[in-house]
Every structure is written in C-alpha cells, then in structure tokens.
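**Q** with the sequence up front, the predicted model follows.
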Amino acid sequence: MKERIEVMISAEEISARLEEIAKQVEKDFNGEQVELVCVLKGGVVTLVELAKKLTLPVTMNFMDVSSYGDATESSGRIKILRDLDEDITGKNVLLVEDIIDSGRTLSHLRALMLHRNPKRFKICTLLDKPDRRVTEVPVDYVGFTIPDAFVVGYGLDYAQKYRNLNFVGVVHFEEE
Ligand code: IMP
Ligand code: MG
C-alpha cells in the first residue's frame, strides 16, 4: 500500500487561525505569563507555531503519554511516559494538543492537571473530530473541526511519518 496525502487545511489557513487563537489567549490570560504544556509528540508543531504568535511571556513544558492497549482502552486510562519537570501550582497553564478524537487522553490529562491547582487552566487543540467522541471534555480553543478522517501533518503522524508537513492532509491508501 502506498499513501497519498490530500490537503485538507492549508498552511495559510492554519497560520491565520493560530493568529486568532493567540489574540484570544492573550485576552483570556490578561497578558500574564503562560506556561504552554505540550503533549508529545503530536502537539509540538502547534505549540511552537502558537508560541511564536504570542506576545505575552511564555514558558514551555512537555509531557508524553500513551494510551493503554485496546483491551483496557474502555477504561480511559493513559500512561504517563514523561511528566512535567516543574510544578504548575498557581501558574497559568495552556495545554496544547494536536487533535481530540475519542477525548480519552485529554479528559485524563485535564483531571491530572486540575488536581495540581494551576491558577488558570485552558486547553487548545489544533483539530477536533467530534464524531469520534467517547468522553466529553471541555476545550477552550479549537483550530478546526474536521470530519472523521485520518489526518497527518502539522505534528500528526502516520507510522511516525508526516509530522513535518506544514499543512493538514487526509491519508488515502492506494494499491502500488
Ligand atoms: P484520543 O482523543 O484520546 O482518542 O486521542 C487522541 C490522540 O490520537 C491524538 O493525540 C493523536 O495522537 C491520535 N490521533 C487521533 N486521530 C488521529 C488522526 O487522524 N491522525 C493522527 N493521529 C490521530
Ligand atoms: Mg497526541
């Protein structure tokens, strides 16, 4: 099987939308310092591009999670592979994700973060696939709502590839 990538959201559209989100973030956090928390690896491109558009003081932190195998997926539990290296208590925190699909990852992470008592806690996701939602989770900033298709680019991968594409594309699988 060969993969063909069809553009769904162009680099220009993403950049313009992140500009709007950055303005809203600045308002919502009153121009105060914000800690951007990246969910590796998919969130990294959106986090960096959003960070470059923010004019308020920004710090960055990173965490890595994985969902348990299919057998336990219905429990909604995720495994923390790498936790934040600094406490977020009393801080303004903006969690940045690539995509919200079933919602399991984000709802678990949200509970974990809120338990640590940040001053403010908000979530930004580049993409939202609401048709696939299993667990509801409040998201403050959504870049684009998309239909149920497998997408890559702008941090999102297929078998670890295509994270570096500057657009979001749909993967089509074709016979060689
Ligand atoms: P969920 O919301 O817990 O189901 O998990 C979302 C995670 O699944 C995302 O952070 C991505 O890593 C991955 N994911 C979901 N949909 C896609 C897709 O269309 N392309 C690539 N990765 C995806
Ligand atoms: Mg992810």
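**A** Perfect, thanks for sending it. Residues are numbered from 1 along each chain as shown. Ligands and ions are numbered 1, 2, ... in the order given.

**Q** residues of the protein that sit close to ligand 1?
**A** Residues of the chain lying close to ligand 1 (CB under 6 Å from any ligand atom) are 42, 97-106, 150-152, 156. The C-beta positions use only the backbone N, C-alpha and C, and glycine is treated the same way.

**Q** which of those residues count as buried?
**A** Buried by 16 or more other CB atoms under 10 Å: 42, 97-106, 151-152, 156, out of those.

**Q** filter the residues you listed by proximity to ligand 2?
**A** The overlap between those and the neighbours of ligand 2 (CB under 5 Å from the ion) comes to Gly42, Asp98.

**Q** what about whatever residue of the chain ends up closest to ligand 2, distance to Gly31?
**A** The nearest approach of the chain to ligand 2 comes at Gly42, 3.5 Å away (CB to the ion). As judged by CB to CB, to the nearest Å, Gly42 and Gly31 stand 28 Å apart.

**Q** same question, Met1
**A** Distance from Met1 to Gly31, by CB to CB: 50 Å.

**Q** count of neighbours near the closest residue to Leu165 other than its chain neighbours?
**A** Leaving aside its chain neighbours, Leu165 sits nearest to Gly153 (3.2 Å; criterion: CB to CB, 6 or more residues apart in numbering). Counted with other CB atoms under 10 Å, the neighbours of Gly153 add up to 26.

**Q** out of the helices and strands in the chain, which is least certain?
**A** Least confident helix or strand of the chain, by mean pLDDT, DSSP states H and E, is helix 70-73 with a mean of 47.

**Q** could you identify the helix or strand that succeeds that helix?
**A** With elements assigned by DSSP states H and E, the helix or strand that comes after helix 70-73 is strand 78-82.

**Q** which strands and helices sit next to that following strand?
**A** strand 58-67, helix 104-114 (3 or more CB pairs under 8 Å, 6 or more residues apart in numbering; DSSP states H and E).

**Q** quick one, that strand and helix 104-114 angle?
**A** Using axes from the mean of the first three to the mean of the last three CA atoms, to 10 degrees, the inter-axis angle of strand 78-82 relative to helix 104-114 is 60 degrees.

**Q** quick one: Ser67 and Ile80 touch, right?
**A** No: here Ser67 does not reach Ile80: they are 11.3 Å apart, not a contact under CB atoms under 8 Å.

**Q** which of those two has more residues huddled nearby?
**A** Ser67 (16 against 13).

**Q** on the pLDDT front, check that one for me.
**A** If you check Ser67, the pLDDT there is 73.

**Q** and for it, nearest residue in space, chain neighbours not counted?
**A** In space, Ser67 is closest to Ile78, 5.1 Å off (CB to CB, 6+ apart).

**Q** and for the one you found, the neighbour number?
**A** Ile78: 19 neighbours (other CB under 10 Å).
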